[in-house]
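[1] below is the sequence, then the predicted model.
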Amino acid sequence: AAIRETSARNQLILKIIIEAWLLYSFGKYMITGVTSLYGLQRLRENDAKRADWWAQDAKSSRDEKNIIDEIKYEDVIHVVIIPNYKESVATLRRTL
């Protein structure tokens, strides 16, 4: 009788764990699906814009001044980060 009680108790615990996992997974997948659809909508909105939308906005907001004219070559800093933890020098030479 004790073995049957323990077996029934273990089955109940396993059932609760499985149901909790299913609820968690369902919630996770729902959130992932909703945010994916939102992201897709944002991508479609951006694809519908003209390629030079930023130039148009700059012209309209700055009284015929274009923001590109204000940026000088010296003002732009380009940074390249190469993660190289325990990389050999030969590998880094190929990368650079």
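    Great, that's in hand. Residues are numbered from 1 along each chain as shown.
[2] can we go C-alpha only for contacts and neighbour counts from here?
    OK.
[3] where does this structure have low pLDDT?
    Within the chain, the stretches with pLDDT under 70 are 1-3, 50-69.
[4] other SSEs contacting the longest helix seen in it?
    If you go by DSSP state H, the chain has its longest helix at helix 2-47. With contacts defined as 3 or more C-alpha pairs under 8 Å, 6 or more residues apart in numbering; DSSP states H and E, helix 2-47 has no helix or strand neighbours.
[5] mind checking how far it is from the chain centre?
    Taking C-alpha atoms, centre = their mean, to the nearest Å, the mean C-alpha location of helix 2-47 is offset from the chain mean by 21 Å.
[6] can I get stretch 35-45 in CSV, CA atoms only?
    The C-alpha coordinates for stretch 35-45 follow below in CSV (Å, rounded to 0.1, in the frame of the first residue of the first chain):
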residue,chain,number,x,y,z
THR,A,35,6.8,40.4,-30.7
SER,A,36,7.8,38.8,-34.0
LEU,A,37,4.6,40.1,-35.7
TYR,A,38,5.3,43.5,-34.2
GLY,A,39,8.8,43.4,-35.5
LEU,A,40,7.6,42.4,-39.0
GLN,A,41,5.2,45.2,-39.0
ARG,A,42,8.0,47.7,-38.1
LEU,A,43,10.2,46.3,-40.9
ARG,A,44,7.4,46.6,-43.5
GLU,A,45,6.8,50.3,-42.4
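[7] got a list of contacts for that stretch?
    The contact list for stretch 35-45, computed with C-alpha atoms under 8 Å, 6 or more residues apart in numbering, is empty.
[8] how far does stretch 70-89 sit from the chain's center?
    From the chain centre to the centre of stretch 70-89 is a distance of 22 Å (C-alpha atoms, centre = their mean).
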